[in-house]
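Visitor: need coordinates for the below:
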Amino acid sequence: MKAEGKTMANLYIYPKSGESSVYPLGRGRVTIGRASQNDIVLSDQFSSGCHALVVATERGYALVDQGSKNGTFVNGRRVTGEIDLTRGDEILIGSTRFYFDKDFEPAVETVEGTTFTHSSNTIIQVKDILKKQPPSGVVMKTPGGGLDYEKLQQDQRIVAVMAAVSQALIYHMPLDKLLDHIMDVLIQNLPMDRGVLMIKNESTQVLEPKVVRVQNPALRAQSIFVSQTIVREALERNSAILISDIQAEEDLRRQASVVQAQIHSAMCVPLWNNQEIIGLIYCDRASLLEQFTEDDLRMLTLLANLAAVKYENARLYEETLKAIHMRREIELAVQIQKNFLPRSEPEFPPYEIGGGAKACRRVGGDYYDYIAVDKDRLAVIVADVSGVGVSASLLMASLRGALHERFPGATELGDLAAKLNDFVYSSSDSHLFISFFMGIIDRAANEMAFVNAGHNPPLVLGRKGPARELESTGFCLGMFPDQIYTQGKTVLAPGDILCLYTDGIVESRQGEGDEYGVERLADQVRALKGEPAGDIRDRIFEDVLAWSGCAEAGDDMTLVIIKRNP
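Guide: Presented below is the predicted three-dimensional model:
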């Protein structure tokens, strides 16, 4: 996006708490502060009402402090007046950080081909570290027989830290906040200059950096380099890696990344939840001169193991909450959909009616309805969305609303179908459409006018002869705009049975074998012609499920049986 020949920029906003955001800068000025009239409003007690401005200049953009109480800082330096902004500049207003035209993404890179063999380095399998915790009350002694006070103090420190960490991680928190909290707890108990927490992507199994911590501000402009050899060793052997003296490793010492980062000690441990490795933690020291020790490695491993178990428990807990929430949503959708369907069969002698629907995913895209036109005319509707589940049920709910809005005010079925078609076409995705049948039974004339928009042809079964099919009179609703639909008509003689159904009935299969089919449906209806309409419906549903060998529908199924009694 350009204006006046200049490329527009973005301002990346990172509040101390809450979600980050991006604000596109135009050619005017952008006000920043706590007051509600600002362009960027900060929920930050340390910012002033109108704290600062970002203004477009001939050179690009500039930042102007508005005499704020706590000051405005660019790259750590306080701004007085106006300062030109350069891509990547870090702006601090109160406790909110901004990055000008370049998002803050601490780079985490791997260095391949490294080997390490120096005797000061340590590789210990995680399970061995977990086994080596001394039981409470064990008295440790030196080789000479005296108490090993240094070792005792170290173990007591580890026990105290583990207790503190356990307490800190006892309450549930969202996964992203939990990972941040884990790193904060680690840094509080194990000083480091830089740390990275990575989690395996469940789909790709690739390690992805989730939390990056740089404690020394002087190191924040540098990338964090992680040796791929160290990572591979930690993952493949489920081992905790300590490089207590990187400068003693010739291969590592010659790496340009190590020289640039000035690393002199590093640790890498897997996040093992007692079943599998779900990630790892890497940390190093550059400005901190003291090297990591084996006791530090032991502590980091114990903390990482505890964190991995906590993370896995939190993940499973969130999945459970999502499943519960989804189940409640589906139960609500089921209830809403049930409210859309007829609660009882209409009294319309000499016609006897029995209808019902079975959804394959508890909510579905099938729909049937009865609408009284007047005392002698009754509309019967059966429809099916091209799909199943919640999205199909929502589209069907929209169709029902549009139908009831227009009908029975308009009873010319061709015109009604054309209007419904345009409504569905304009309000749904291109891959969604609806097969739709609507018939108006006139019991005074004993005939039915109908429109069939691409729906399975309903069957009319008389006392003798083959079944008649009420064929399509136009395309499915929503396939194409501006369609023309014709109205058909059929006579309903005494003893005739009208069978309306959706494809879930006739396309039900015996495993990978034959479909239930229209012919079997017609035969079953004919065999049950002496039964009440509701019983015919129930027996057909039972026969379809028995045919498929399933306890529930494999696709949405709807069936309406209408008998004209003598």
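Visitor: which stretches of the stretch 201-350 of the chain form strands?
Guide: For the stretch 201-350 of the chain, the strands defined by DSSP state E, counting those that start in this stretch occupy 207-214, 224-227, 239-243, 265-272, 277-285.
Visitor: in TSV, list those along with mean pLDDT.
Guide: Listed next are these as TSV, based on pLDDT from 0 to 100:
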stretch	mean pLDDT
strand 207-214	87
strand 224-227	70
strand 239-243	81
strand 265-272	86
strand 277-285	88
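Visitor: helices of the stretch 451-566 of the chain, start to end?
Guide: For the stretch 451-566 of the chain, applying DSSP state H, counting those that start in this stretch gives helices covering 503-506, 517-527, 533-548.
Visitor: for those helices, state which one has the densest average packing.
Guide: Sort those by mean neighbour count, taking mean count of other Cβ atoms under 10 Å, and helix 503-506 sits at the top with a mean of 22. (Each C-beta comes from the backbone N, C-alpha and C, glycine too.)
Visitor: any idea how far Asp39 is from Tyr485?
Guide: Tyr485 sits 53 Å away from Asp39, taking Cβ to Cβ, to the nearest Å as the criterion.
Visitor: and Ala308, by the same measure?
Guide: 43 Å.
Visitor: compare these two (neighbour count), which wins?
Guide: Per other Cβ atoms under 10 Å, whichever of Ala308 and Asp39 has more neighbours is Ala308, with 26 against 16.
Visitor: the more buried one and Leu271 touch, don't they?
Guide: Yes - under the criterion of Cβ atoms under 8 Å, Ala308 makes contact with Leu271 at 3.9 Å.
Visitor: common neighbours of these two, please.
Guide: 278-279 (Cβ atoms under 8 Å, 6 or more residues apart in numbering).
Visitor: can you give the distance of the host helix or strand of Val30 from its chain's centre?
Guide: Secondary structure assignment for Val30, by DSSP states H and E: strand 29-33. Put simply, strand 29-33 sits 34 Å off its chain's centre (Cα atoms, centre = their mean, to the nearest Å).
Visitor: which elements pack onto the very next helix or strand once past it?
Guide: As assigned by DSSP H and E, the chain's next helix or strand after strand 29-33 is strand 40-41. Secondary-structure packing of strand 40-41 (3 or more Cβ pairs under 8 Å, 6 or more residues apart in numbering; DSSP states H and E): strand 29-33.
Visitor: any chance you could list what contacts the strand it packs on?
Guide: If you take Cβ under 8 Å, 6+ apart as the criterion, strand 29-33 is touched by 11, 23, 37-42, 47-56, 66, 93.
Visitor: 7 Å - rerun?
Guide: Applying Cβ atoms under 7 Å, 6 or more residues apart in numbering, the contact partners of strand 29-33 are 38-40, 42, 47-55, 93.
Visitor: list only buried entries from these.
Guide: Using 16 or more other Cβ atoms under 10 Å as the burial test, these include 38-40, 42, 47-48, 50-55, 93 as buried.
Visitor: now do the SS call for the spatially closest residue to His404 that is not a sequence neighbour.
Guide: Spatial nearest neighbour of His404, excluding adjacent residues (Cβ to Cβ, 6 or more residues apart in numbering): Ile371 at 7.4 Å. Here Ile371 is recorded as strand under DSSP: H, G, I helix; E, B strand; the rest coil.
Visitor: show me what contacts Ile371?
Guide: Contacts of Ile371 (Cβ under 7 Å, 6+ apart): 379, 407-408.
Visitor: of these, which is the most crowded?
Guide: When neighbours are taken as other Cβ under 10 Å, the top entry among the contacts of Ile371 is Ala379 (22 neighbours).
Visitor: what strands line up against the strand or helix carrying it, and which way round?
Guide: According to DSSP H and E, Ala379 maps onto strand 377-385. According to DSSP bridges, strand 377-385 forms sheet pairs with strand 366-374 (antiparallel), strand 434-442 (antiparallel).
Visitor: deepest of those strands, which one?
Guide: strand 434-442 (a mean of 24).
Visitor: how about that strand as PDB, C-alpha atoms only?
Guide: Only the C-alpha atoms of strand 434-442 are listed here, as PDB (Å, rounded to 0.1, in the frame of the first residue of the first chain):
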ATOM      1  CA  ILE A 434     -30.400 -27.400  -0.900                       C
ATOM      2  CA  SER A 435     -32.600 -30.000  -2.500                       C
ATOM      3  CA  PHE A 436     -36.200 -28.900  -1.800                       C
ATOM      4  CA  PHE A 437     -39.700 -30.300  -2.200                       C
ATOM      5  CA  MET A 438     -42.900 -28.600  -1.300                       C
ATOM      6  CA  GLY A 439     -46.400 -29.800  -2.000                       C
ATOM      7  CA  ILE A 440     -49.800 -28.300  -1.200                       C
ATOM      8  CA  ILE A 441     -52.400 -30.900  -0.600                       C
ATOM      9  CA  ASP A 442     -56.000 -29.800  -1.400                       C
END
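Visitor: what's it in contact with?
Guide: By Cβ under 7 Å, 6+ apart, the list of residues contacting strand 434-442 reads 351, 373, 376-385, 399, 411, 413, 417, 424, 448-455, 458, 476-478, 492, 500.
Visitor: hey, what's the residue nearest to Ile40 when sequence neighbours are not counted bridged with?
Guide: Distances taken as Cβ to Cβ, 6+ apart put Ile32 closest to Ile40, at 4.6 Å, once the chain neighbours are dropped. Ile32 forms beta bridges with Ile40, Ala52, as assigned by DSSP bridges.
Visitor: any low-confidence regions in the stretch 51-200 of the chain?
Guide: Applying pLDDT under 70 to the stretch 51-200 of the chain flags residues 103-122, 129-172.
Visitor: now the helices for it?
Guide: Counting by DSSP H, counting those that start in this stretch, the helices of the stretch 51-200 of the chain are 126-131, 149-168, 175-189.
Visitor: quick one: the closest residue to Ala379 other than its chain neighbours from Ala418, how far?
Guide: Once flanking residues are discounted, Ala379 sits nearest to Ile371: 4.2 Å by Cβ to Cβ, 6+ apart. Look at Ile371 and Ala418: by Cβ to Cβ, they are 18 Å apart.
Visitor: now swap in Arg463 and tell me
Guide: From Arg463 across to Ala418, the span is 36 Å (Cβ to Cβ).
Visitor: which of those two has more neighbours?
Guide: Neighbours per residue (other Cβ under 10 Å) separate Arg463 from Ala418, with Ala418 holding more: 20 against 12.
Visitor: in three-state terms, label the more buried one for me.
Guide: Quick answer, by three-state DSSP: Ala418 is helix.
Visitor: what about the residue nearest to Asp296 when sequence neighbours are not counted, how many residues nearby?
Guide: Nearest in space to Asp296, with sequence neighbours left out and distances taken as Cβ to Cβ, 6+ apart, is Leu190 at 6.2 Å. Neighbour count of Leu190, defined by other Cβ under 10 Å: 18.
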